[in-house]
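Enquirer: Model the following, please.
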Amino acid sequence: MAHVEDRWYRTVRSPGRTTRKERTRRHGTGRRWRVRYADPDGREHNQSFDRKVDADGFRIKVEADVQRGTYVDPAAAKITLRRYADSWLQAQTFDDATRDSQERRLRLHVYPVLGGKTLGQLAAQPSVIQAWVRGLARSAVADMAIARTARKGLADTTARGVLTTLSMVMNAAVDDGLISRNPCASRSVRAPRPPDRKVVPWTAGQVSAVREALPARYRALADVGRWLGLRQGEAFGLAVDDIDFLRREVHVRRQVKRLGNALVFAPPKGGKDREVPLPESVGLRLSAHIASCPPVAVMLP
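Expert: Purely as a prediction, here's the structure:
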């Protein structure tokens with residue numbers, strides 16, 4: 001149980017069983033009211049207040065939190081977002097490309113505004129998160145590689161992704177018992193919503209025209225994209241050994257992704273290989289491509 005003690009006065013009982021208030025040595029210095037309580041693990045804590053009404057309110061809240069199992073040590077929430085997010089990122093099992101993307105989101109868009117704030121401050125004021133989200137649309141980032149887009153602010157889809165990364169960090173802080181709620185999930189925090197755009201697929205004539213306009217050695221990319229449904233990175237990562245002409249199927253085993261300024265091989269999206277049927281007409285095109293442009297070995301990290 002918690003209790004409130006007066007640090008400026010103590011109660012003294014006289015021989016006649018009457019009581020009176022007597023000043024302590026602390027009278028007039030520091031905060032007058034101190035709440036002493038034990039956490040769920042039995043460790044004792046205390047917090048001081050200038051007004052008794054504030055001390056009583058804290059006592060009631062901490063007792064209720066301990067009873068409900070939602071108690072959070074106030075000292076634990078004093079870690080800064082930057083410090084916690086850095087340790088969170090190191091503990092994740094992302095692939096290298098995803099880790100690089102998450103690190104860039106934090107470093108370029110989260111830390112400059114929110115990195116120095118504590119987890120407790122952010123959890124207590126979701127409005128700070130919402131103001132930051134709004135500012136993403138017009139923020140400038142000191143990174144030459146993206147300076148052109150930064151001056152115009154982030155696209156809604158990109159800003160939404162940055163908020164998602166921050167929300168992942170705050171969810172982890174909740175799971176670690178450092179804060180009691182994720183401020184990014186508050187009703188007052190609204191993620192940027194990209195405008196609805198109707199997808200208008202190219203006509204067969206347009207696809208054919210683009211293919212014919214490509215240099216001959218690159219037309220196979222259009223073929224595997226159009227007829228096999230391979231993503232761009234998967235088309236770049238397709239090897240001769242992945243094509244089974246006898247069984248008429250293509251094994252999608254890898255993709256090419258950008259990691260920083262380098263290109264690397266990575267598993268397909270979702271980390272799962274898959275097989276794609278190979279139409280005879282596409283097989284003939286790929287066979288002719290291999291004959292005219294003999295494959296060469298490519299080494300990527």
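
Enquirer: measure the residue nearest to Tyr111 when sequence neighbours are not counted to Leu122 for me?
Expert: Excluding its sequence neighbours, the residue lying closest to Tyr111 (CB to CB, 6 or more residues apart in numbering) is Arg82, at 5.3 Å. To be clear about C-beta, it is placed using only N, CA and C from the backbone, and glycine gets the same treatment. Per CB to CB, to the nearest Å, Arg82 is found 12 Å from Leu122.

Enquirer: Those two - which one has more neighbours?
Expert: Leu122 (24 against 16; other CB atoms under 10 Å).

Enquirer: Please identify which helix or strand holds the residue nearest to Tyr111.
Expert: helix 81-91 (DSSP states H and E).

Enquirer: for this protein, which spans come out with low pLDDT?
Expert: 16, 138-152, 301 (pLDDT under 70).

Enquirer: show me where the stretch 1-150 of the chain has helices.
Expert: Taking DSSP state H, counting those that start in this stretch as the test, the helices found in the stretch 1-150 of the chain are 52-68, 81-91, 96-105, 111-114, 119-124, 126-136, 147-150.

Enquirer: Of the ones you listed, give the one that comes closest to Leu238.
Expert: Across those, Leu238 has its closest neighbour in helix 96-105 (18.2 Å, CB to CB).

Enquirer: related to what we said a few turns ago, now the helices of the stretch 1-150 of the chain as CSV including distance to Ala213?
Expert: Shown next, in CSV, are the helices of the stretch 1-150 of the chain (distance: least, CB to CB, whole Å):
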stretch, distance to Ala213
helix 52-68, 66
helix 81-91, 43
helix 96-105, 30
helix 111-114, 43
helix 119-124, 51
helix 126-136, 38
helix 147-150, 27
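
Enquirer: which of those helices sits most buried?
Expert: helix 119-124 (a mean of 20; mean count of other CB atoms under 10 Å).

Enquirer: what about the residue nearest the centre of the chain, which helix or strand?
Expert: Nearest residue to the geometric centre of the chain (CA atoms, centre = their mean): Thr165, 1.4 Å. Here Thr165 sits within helix 156-175, counting by DSSP H and E.

Enquirer: Only the buried residues of the following helix or strand past that helix, if you could.
Expert: Sequence order places helix 204-213 as the next helix or strand after helix 156-175, per DSSP H and E. Using 16 or more other CB atoms under 10 Å as the test for burial, helix 204-213 gives Arg211.

Enquirer: for helix 204-213, packing partners?
Expert: Helices and strands touching helix 204-213, by 3 or more CB pairs under 8 Å, 6 or more residues apart in numbering; DSSP states H and E, are helix 219-227.
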